[in-house]
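Visitor: got a predicted structure here, sequence first:
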Amino acid sequence: MAAARRRGYRSRAAFKLVELDDRFRFLKPGGLVVDLGAAPGGWSQVAAERVKAGSPGGGAVVAVDCEEMDAIAGVGLVNLDFLSDDAPARIGAALDGPADVVLSDMAAPATGHAATDHLRVMALLDAAYAFAREVLKPGGVFVGKVLRGGTEKDLLDSLKRDFRTVRHVKPPASRKDSAEIFVIATDFRGSAGQKS
């Protein structure tokens, strides 16, 4: 956390997104980004820097969370449950158009029971992916956290139908003993508002 504080980031998790984007270059200047489950805001900070949110000709970041968050320069905060029926419309209005990137670093509170924690994180990721299909523009990118544990294959198969390229990666900032990996799904085949 000390390194995060030195860089001005709100969480150590920010470095995971830095490493993923350094490798795959999905946060481009001018891009429109939705960060689901954004609190405390480390990923939103990185996304805002990379898409140049708030700058002339820059992009926009919408941070979505049930929890209240302190303001972040260049980031629109939407305080709601992204699973609510009106979430895609409200987030779309805040973004002013279909998203280039949907990010999800969400995790349910850990129970300490590996199988239960895996299922809960995968349920969140499933929901984030369903949401991404509603708001991404063709060619868009979905980045989400996965906990390895056996049920991720079905989700990966679905992602491969909707995106041209799907990779899973463990960034160096993830603890070595953690079961988390990240899925990077690029080049969305569908169109915003169209369920495939």
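Guide: Everything's here; your move. Numbering: from 1, shown residues only.

Visitor: CA atoms of the top strand by length along the chain as PDB?
Guide: Scanning the chain for the longest strand, with DSSP state E as the assignment, gives strand 136-147. Taking Å, rounded to 0.1, in the frame of the first residue of the first chain, the C-alpha atoms of strand 136-147 are listed here in PDB:
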ATOM      1  CA  LEU A 136     -19.800  -2.100 -25.100                       C
ATOM      2  CA  LYS A 137     -19.300  -0.800 -28.700                       C
ATOM      3  CA  PRO A 138     -18.100  -3.200 -31.400                       C
ATOM      4  CA  GLY A 139     -14.400  -3.800 -31.000                       C
ATOM      5  CA  GLY A 140     -14.700  -3.000 -27.200                       C
ATOM      6  CA  VAL A 141     -12.700  -4.700 -24.400                       C
ATOM      7  CA  PHE A 142     -13.800  -6.400 -21.200                       C
ATOM      8  CA  VAL A 143     -11.400  -6.900 -18.300                       C
ATOM      9  CA  GLY A 144     -12.600  -8.900 -15.300                       C
ATOM     10  CA  LYS A 145     -11.200 -10.700 -12.200                       C
ATOM     11  CA  VAL A 146     -11.500 -14.500 -12.100                       C
ATOM     12  CA  LEU A 147     -10.900 -16.700  -9.100                       C
END
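
Visitor: what's the following helix or strand after it?
Guide: The helix or strand immediately downstream of strand 136-147 is helix 152-162, counting by DSSP states H and E.

Visitor: which strands and helices sit next to that next one?
Guide: The criterion is 3 or more C-beta pairs under 8 Å, 6 or more residues apart in numbering; DSSP states H and E, and the helices and strands that helix 152-162 contacts are helix 114-135, strand 136-147, strand 163-169, strand 180-188. C-beta here means a position set from N, CA and C on the backbone, and glycine is covered the same way.

Visitor: so that helix versus strand 136-147, what angle?
Guide: 170 degrees (axes from the mean of the first three to the mean of the last three C-alpha atoms, to 10 degrees).

Visitor: confidence-wise, which of the helices and strands packed on helix 152-162 is weakest overall?
Guide: Confidence, taken as mean pLDDT, is least for helix 114-135 of those (a mean of 85).

Visitor: can you give me how far that helix is from the chain middle?
Guide: For helix 114-135, the separation from the chain centroid amounts to 11 Å (computed by C-alpha atoms, centre = their mean, to the nearest Å).
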